[in-house]
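K.L.:
requesting a structural model of the entry that follows:
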Amino acid sequence: MKKLATLAVLAAVSATSYAQSSVTLFGVADATVQVGRGSETNRTSLGSGGLASNRLGFRGVEDLGGGMKAGFWLEAGYNLDDGTGVSNTFNFNRRSTISLMDDRWGEIRLGRDFTATYNNIYDAFGDNGVGALLKTTSLGSNYGYAMQTRTSNAVSYFTPRNLGGFFGQVQYYRGEAANGSNDGNGYGLRAGYENGPLNVGVSYGSVSNLGAYGDVTNANIGGSYDFGVAKLLVEAGQDESKARDEKARHYMIGATAPVGSVGLVRASWSRVSVQDTNVQANKFAVGYVHNLSKRTALYTTFAYLKNKNGSALALNGAKTSAGDNSKGLDFGLRHTF
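P.N.:
Numbering: from 1, shown residues only. You can find the predicted model right below:
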C-alpha cells in the first residue's frame, strides 16, 4: 500500500511539472507566383513568402513559480520554392533566444532576434511581397545600407505590458569581430504606447563600423489607428552612413480594411530617397487576402514603382533603366501551422 501511495504522489508531481511546461511546433508555408516588368527585362518565377516569411520553429515556456517563467524560441527560415535554407543551410537564422519573463518586471531575452528599430515598422504589407516598404531595397551605388532586420549576440530588455499602455525595449549586441575591435557592436531603443485602436512607437539604433559604410544609425517613428472599418498606418524613418555622409529616408502611408469575415484589402504608398540628391523611388501597392480557413489564405498584390533621377529599382526580379518605371504582381497561397 505504501508503494502504491508513493507511486501516486510521484505521478501527481510528475503530472504537475509536465503541465507547467509546454513546447509548441509552429511554422509557415508560403509560395508565390511573382511577375516583374521593367524597361530592360521582365521576369516570372515561383518565389517564397509573399504574404508571410516561410519558417519552422519550436518555442516553449516553463512556469518557475512566483509569477516567473523561462522560455526559449528557435526559428529557422527556408525557401519553399526549392526547399533550401535561407542561408543555404538549415539553421535557426530567424530567431534563437532564451528568456526570463515576469509580468511584474518584464522580460530579459538573450540571443539572435529582431532589432528594436525593425520592431517599430508599421507597414500595411508587413515586410513581405511586392508591396512591402522600399526601405530594404538599394537605390544603387548611392544607397547600399539599410536598417538591420535581425542581430545576433543580443541582450534585450522588454518592459511589462501593464504600464497603462506604455511599452519599451532596450537592446545591446556584439559584433564578434575577429580582431577584438568594436566592429559590428550596436544598440537599439524603442518606446511606444498601445491602447485600444491606437498603437504608436519611436525607435533608434546604431551599429559601429558596418563595412564600407562606417558607423550606421537608424531611426523611425510610426503608428496605426484602427477605425473598425479600416486601419490607418504611417511610418517615417532615416538610415545614415557616417563614412559616406549619406542619409536615406523612407516614408509610408497605408491602410487595411476587412471584407466581411474572410477578406482583407491592403494598400500603401511608400517612398525612399537619398538626402541632398534628387534620387528617389515611389511605389503604389494594392492587394487582397482571402482566408479559406483560419490557417490557409489566398492572396494577390499589385505594385507600380516610379523611379526618379538615377534610381533604377525594379520589382520581382525585373530590370529597368535609371528613371524608368516597373510593375510587379504576386499571387500566392499561405498556410500556417
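K.L.:
show residues contacting stretch 190-208.
P.N.:
115-117, 119-120, 122, 147-148, 164-169, 171, 175, 182-189, 215-228 (CB atoms under 8 Å, 6 or more residues apart in numbering). From N, CA and C alone the C-beta is placed, and that goes for glycine too.
K.L.:
next SSE after the least confident helix or strand in the chain by mean pLDDT?
P.N.:
When each helix and strand of the chain is scored by mean pLDDT, DSSP states H and E, helix 2-19 comes last, with a mean of 41. From helix 2-19 onward toward the C-terminus, using DSSP states H and E, the following helix or strand is strand 21-37.
K.L.:
buried ones in that following strand?
P.N.:
28-37 (16 or more other CB atoms under 10 Å).
K.L.:
returning to what we had before: among the contacts of stretch 190-208, which lie within helices?
P.N.:
Secondary structure from DSSP state H places none of the contacts of stretch 190-208 in helices.
K.L.:
if any of those residues are buried, put those into a PyMOL selection.
P.N.:
Buried residues among these (16+ other CB under 10 Å), as a PyMOL selection:
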select buried, resi 115+116+117+119+120+122+147+148+167+168+169+171+175+183+184+185+186+187+188+189+216+217+218+219+220+221+222+223+224
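K.L.:
the residue nearest in space to the middle of the chain and residue 38: what is the separation?
P.N.:
Centroid check for the chain by CA atoms, centre = their mean gives residue 127 as the closest residue, at 5.6 Å. Using CB to CB, to the nearest Å, one obtains 23 Å as the distance from residue 127 to residue 38.
K.L.:
tell me which element residue 201 falls in.
P.N.:
strand 198-207.
K.L.:
check the offset of that strand from the chain's centre.
P.N.:
Taking CA atoms, centre = their mean, to the nearest Å, the mean C-alpha location of strand 198-207 is offset from the chain mean by 13 Å.
K.L.:
that strand: which residues count as buried?
P.N.:
For strand 198-207, burial by neighbour count (16+ other CB under 10 Å) applies to 199-207.
K.L.:
just stretch 34-54 next, same as before
P.N.:
Within stretch 34-54, the residues that count as buried by 16+ other CB under 10 Å are 34-39, 42-43, 47-54.
K.L.:
what do you get for stretch 248-259?
P.N.:
For stretch 248-259, by 16+ other CB under 10 Å, it's 248-257.
K.L.:
in TSV: the residues you listed, plus pLDDT.
P.N.:
Output for the buried residues of stretch 248-259, formatted as TSV (pLDDT from 0 to 100):
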residue	pLDDT
248	87
249	89
250	90
251	93
252	95
253	97
254	97
255	98
256	98
257	98
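K.L.:
now, among those, which is nearest to residue 74?
P.N.:
Top of the list for closeness to residue 74, among the buried residues of stretch 248-259 and by CB to CB, is residue 256 at 30.4 Å.
K.L.:
ok, residues contacting stretch 214-229?
P.N.:
Defining contact as CB under 8 Å, 6+ apart, one finds that stretch 214-229 is touched by 115, 117, 120-122, 145, 147-148, 197-210, 231-244, 252, 257-258.
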